[in-house]
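J.: the sequence and its predicted three-dimensional model are supplied below.
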Amino acid sequence: MRNIESRSQRWRWLSRAMCALLLAAPAYAFTPADSPLLCSKAGSGGSGVASGTRYFQTSYDPRDWRGTIKAYGFTASGTVDTSSVLWSTDTAIVPGATGPAYQSWNSQTHSAVTLAFANLSAAQQGVLSQGLPGGITGSDLLEWSKGANKAGLKVRSVLLGDIVNSPLVLAAPSDKTAADWSGDTSYSTYLATKAANMHASLVVNANDGFVSVINTANGARRYAYMPASVLPSLHYIADPIYINGVGHRFLVDGQVGVFDAQLNSAWKTLALGGTGAGGRTFYALQLFDASAGNMTKALWEISAPDTANAANALNDLGYAYARPEVARLADGRWAAFIANGYGSYSGVAALYVVDIRDGSLIRKIVVDSSETTNGLSSVKLRVNSQNVVQAAYGGDLKGRLWKFDLSGTTPNAWGLAFAGKPLFTTAGGATQPITAQPLLADSTQGGTMVFFGTGKFNETADRINKDLQAFYAVWDAQGGSGQITTSNLQAQAVTGVSAQSITTSQHEVTYPTQKGWYLPLVYNNALTGERVINQASLVLGRIVFTTASVDTTDPCASFGSGKLVELDAFSGKMLNYAVLDTNGDAVVDSTDTLSSGVVFTGGMPTLNAIVNGGARKIVNDSSGGISTLVEKSGGGSRRIMWRQIQ
């Protein structure tokens, strides 16, 4: 059914590391820096991204907690050619190599500075100087982080740290993420300049304490930024005993997004990200500017206070799991939209809107100020043809999908849609948390279809949890009133499971009476702990998502398992034509059987790239395997045309 092209051989070391990560945190507390988070899906590798001719894959090795990015080409048949590594950061980002530009953030002056001890505030210098072995200074520690080996600190042959939960992002000169303003074609002009002059780069967070901008041609690091929140923990990873899969520390572990935006009158390409389990911090970097060219630099950094302070507007920022989104406001300004994440001091779910120029707060919208154990997951924006934001959709830890009405001409006019009620609530409530970013598409009925799954891998107790989870498609109809529940949706069901594939029901949805569909993750009447922790994709009218579960009886002996599921987006039913190459002949035709998805038993799958016009899907799993799925590139007898909202 699929061509699995590589598999990690470091099972013993990785299994030990998995055990340490999965068992470290106390079950009673939300302590993500010591918790499993999503690392059970990373194993030796789980992130990848494709350019036109190359596929880039991340991995990590717990023997020295290094991270590795490798570049591969594609074969003539469209599979990833793992027989030949085009380059590896293990040889490109090493001591003695030409160093990148390094920056950090001065917490006193609130400005970006070259990463050097003397450029930091007195408080930051004091923090850096604590917990060090005799004869080592805070300045030594910073120089070590940049690649200088110092006696008394961990000796490294590779500088890039482990990449566990941060997806690898491609910043490509051809990317278009914005639109022209009415009567203003400056963005079109910028796109031409960008296409001709911008360097293609990979952007990724890693637990060496840096967000790195990496040359796609050779793996060299062009730029590295260390958020200020890293400084108090830097000495832990410099300890000589920080090896062999023990004592892991998350430093910069969140998601990254790359966007074009207009800052005053200047168009720029930016990277926005968060520290994930490493802290309550978000940052913005400039990657390209029409006038300055490829001048990468930090623009701003925002963080929750060091201790709870209700008077501080950022007090509700939790651990920075969310992927920031960017759009234009009605007044012409550009803003970043940041879900507050989990583990904040207050425990509320909140959406932050900050000025893209300097990170200053424009508006904060709290879902329910009385809650103390909640948090908002990554939101997805709906924008108009001029990229002016209209709404944001996001889920929370209580199993509710919220719509934020951002269509007002001033920030004070924004708020929760439906008079403060959810768009949708899962039947399980808090037992069905929504942690994956929703996917939006224009509905054929008008309005917006919102696709998302439920479940989480954020705390130690999650690894043994078998609560029912599901995948949902909820229709936000024009003029609708929200407050949708599963009683308003058409239920689909898994009807068969084999060693390689699954089948599901084919019930039609009666629109507009019904408001969408859902698929419970139940197999042979049994709950397996399977959940959805990644955003879905829309391909040729078909919705594609992956599931994940951990071996709950012995989490240290398994990379987990999961499925890649592909259904009709409009109804959620199994397609009435074969879409997957079930007989392994590299062609999808009448000799293949109908199915709804592929079973992965050697690791939890993540869909990382769709190539060849949708005919090939590149899937990494948590053991480091790369699978190329061959599937039908066009529709069948009944194709519904959808437009995914970018």
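T.: Cool, got the structure.
J.: which residues does A548 contact?
T.: Counting by C-beta atoms under 8 Å, 6 or more residues apart in numbering, A548 touches 40-41, 455, 457, 530-534, 560-562, 604-605, 622. In this view, the C-beta of every residue, glycine as well, is placed from N, C-alpha and C.
J.: closest one of these to I356?
T.: I356 has its nearest neighbour among these in N534, at 26.2 Å by C-beta to C-beta.
J.: averaged pLDDT, stretch 462-475. What do you get?
T.: Averaged across stretch 462-475, pLDDT comes to 93.
J.: so which bits of it are buried?
T.: Judged by neighbour count (16 or more other C-beta atoms under 10 Å), stretch 462-475 contains these buried residues: 462-463, 465, 468-475.
J.: can you check stretch 421-428 too?
T.: 422-426, 428.
J.: average pLDDT across it?
T.: What stretch 421-428 shows for mean pLDDT is 97.
J.: now stretch 535-547
T.: 92.
J.: show me where the stretch 401-550 of the chain has its strands.
T.: Under the criterion DSSP state E, counting those that start in this stretch, the stretch 401-550 of the chain carries strands at the ranges 415-416, 424-425, 439-442, 448-453, 470-476, 490-491, 494-497, 501-504, 516-520, 537-539, 542-546.
J.: got the contact list for the most centrally placed residue in the chain?
T.: The residue lying closest to the centre of the chain (C-alpha atoms, centre = their mean) is Q255, at 4.4 Å. Contact analysis of Q255 by C-beta under 8 Å, 6+ apart lists 166-167, 205, 273-274, 276, 321-323, 378.
J.: any low-confidence regions in the stretch 501-646 of the chain?
T.: Scanning the stretch 501-646 of the chain for pLDDT under 70 picks out the ranges 551-558, 634-646.
J.: quick one: the helices in it, in order.
T.: Using DSSP state H, counting those that start in this stretch, no helices are assigned anywhere in the stretch 501-646 of the chain.
J.: now, of the contacts of A548, which are buried?
T.: Using 16+ other C-beta under 10 Å, the buried ones in the contacts of A548 are 40-41, 455, 457, 530-534, 560-562, 604-605, 622.
J.: which one among the contacts of Q255 gets closest to E566?
T.: Taking C-beta to C-beta as the measure, E566 sits nearest to P167 out of the contacts of Q255, at 20.8 Å.
J.: residues near the closest one, how many?
T.: Using other C-beta atoms under 10 Å, P167 has 22 other residues around it.
J.: checking it next. Helix, strand or coil?
T.: Put simply, P167 is coil when judged by DSSP: H, G, I helix; E, B strand; the rest coil.
J.: skipping adjacent residues, who's closest to it in space?
T.: S47 (5.0 Å; C-beta to C-beta, 6 or more residues apart in numbering).
J.: low-confidence ranges in this protein?
T.: Where the chain drops to pLDDT under 70, the residues are 1-46, 551-558, 634-646.
J.: let me see the ranges of the helices in it.
T.: Using DSSP state H, the helices of the chain run over 11-23, 89-92, 122-128, 138-145, 186-197, 234-237.
J.: got TSV for those helices, with distance to N244 and mean neighbour count too?
T.: Shown next, in TSV, are the helices of the chain (distance: least, C-beta to C-beta, whole Å; neighbours: other C-beta atoms under 10 Å):
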stretch	distance to N244	mean neighbour count
helix 11-23	8	19
helix 89-92	18	20
helix 122-128	26	16
helix 138-145	20	20
helix 186-197	45	15
helix 234-237	14	20
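J.: ok, which of the ones you listed comes nearest K398?
T.: When those are compared by C-beta to C-beta, helix 11-23 sits nearest K398, at 24.7 Å.
J.: I'd assumed G138 was in contact with L132.
T.: Yes: taking C-beta atoms under 8 Å as the definition, L132 is a contact partner of G138 at 7.2 Å.
J.: list the contacts for A220?
T.: A220 neighbours (C-beta under 8 Å, 6+ apart): 92-93, 97-98, 100, 214.
J.: please save the CA atoms from stretch 342-356 in PDB.
T.: Below are the C-alpha coordinates for stretch 342-356, written out as PDB (Å, rounded to 0.1, in the frame of the first residue of the first chain):
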ATOM      1  CA  TYR A 342      -2.300  26.400  28.300                       C
ATOM      2  CA  GLY A 343      -0.900  26.700  31.800                       C
ATOM      3  CA  SER A 344      -1.400  30.400  32.200                       C
ATOM      4  CA  TYR A 345      -1.500  32.000  35.600                       C
ATOM      5  CA  SER A 346      -5.200  32.700  35.300                       C
ATOM      6  CA  GLY A 347      -6.200  29.500  33.500                       C
ATOM      7  CA  VAL A 348      -8.500  31.300  31.100                       C
ATOM      8  CA  ALA A 349      -8.900  30.800  27.300                       C
ATOM      9  CA  ALA A 350      -8.000  34.100  25.500                       C
ATOM     10  CA  LEU A 351      -7.200  35.500  22.100                       C
ATOM     11  CA  TYR A 352      -4.400  38.200  22.000                       C
ATOM     12  CA  VAL A 353      -4.300  40.600  19.100                       C
ATOM     13  CA  VAL A 354      -1.000  42.500  18.900                       C
ATOM     14  CA  ASP A 355       0.500  45.100  16.500                       C
ATOM     15  CA  ILE A 356       2.700  43.400  14.000                       C
END
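J.: quick check, nearest of the buried ones among the contacts of A548 to P512?
T.: Nearest to P512 among the buried ones among the contacts of A548: V532, at 26.1 Å, using C-beta to C-beta.
J.: which residues touch the closest one?
T.: V532 neighbours (C-beta under 8 Å, 6+ apart): 436, 452-455, 469, 471, 521, 545-548.
J.: quick check, nearest of the residues you listed to E508?
T.: Checking those against E508 with C-beta to C-beta, the nearest one is F471 at 17.6 Å.
J.: how about the contacts of V532, which pair is most distant?
T.: Using C-beta to C-beta, the contacts of V532 span at most 14.7 Å, a distance reached by F452 and A548.
J.: what about Q478, how many neighbours?
T.: Using other C-beta under 10 Å, Q478 is surrounded by 9 other residues.
J.: which residues touch it?
T.: By C-beta under 8 Å, 6+ apart, the contact set of Q478 is 446-447.
J.: let me see the contact set for T410.
T.: The contact partners of T410, by C-beta under 8 Å, 6+ apart, come to 330-331.
J.: mind listing what V203 touches?
T.: Neighbouring residues of V203 by C-beta under 8 Å, 6+ apart: 168-171, 211-214, 256, 258, 271, 273, 285, 287.
J.: quickly list what it is bridged to.
T.: Following DSSP bridges, V203 is listed with bridge partners V169, V213.
J.: end-to-end on stretch 478-493?
T.: 28 Å (C-alpha to C-alpha, to the nearest Å).
J.: distance from the chain centre to that stretch, please.
T.: 27 Å (C-alpha atoms, centre = their mean, to the nearest Å).
J.: list the buried residues in that stretch.
T.: Neighbour-count burial for stretch 478-493 [16+ other C-beta under 10 Å]: 480, 482, 484, 486, 489-490, 492.
J.: repeat that for stretch 155-169.
T.: 156, 158-169.
J.: contact partners for N488?
T.: Neighbouring residues of N488 by C-beta under 8 Å, 6+ apart: 514-516.
J.: before we move on, the earlier item: tell me which of the contacts of A548 is nearest to Y55?
T.: Nearest to Y55, judged by C-beta to C-beta, of these is P605 at 15.6 Å.
J.: M574 versus that closest one, what's the distance?
T.: Distance, P605 to M574, by C-beta to C-beta, to the nearest Å: 19 Å.
J.: which residues touch the residue nearest to P167?
T.: 57-58, 163, 166-168, 204, 606, 608, 620.
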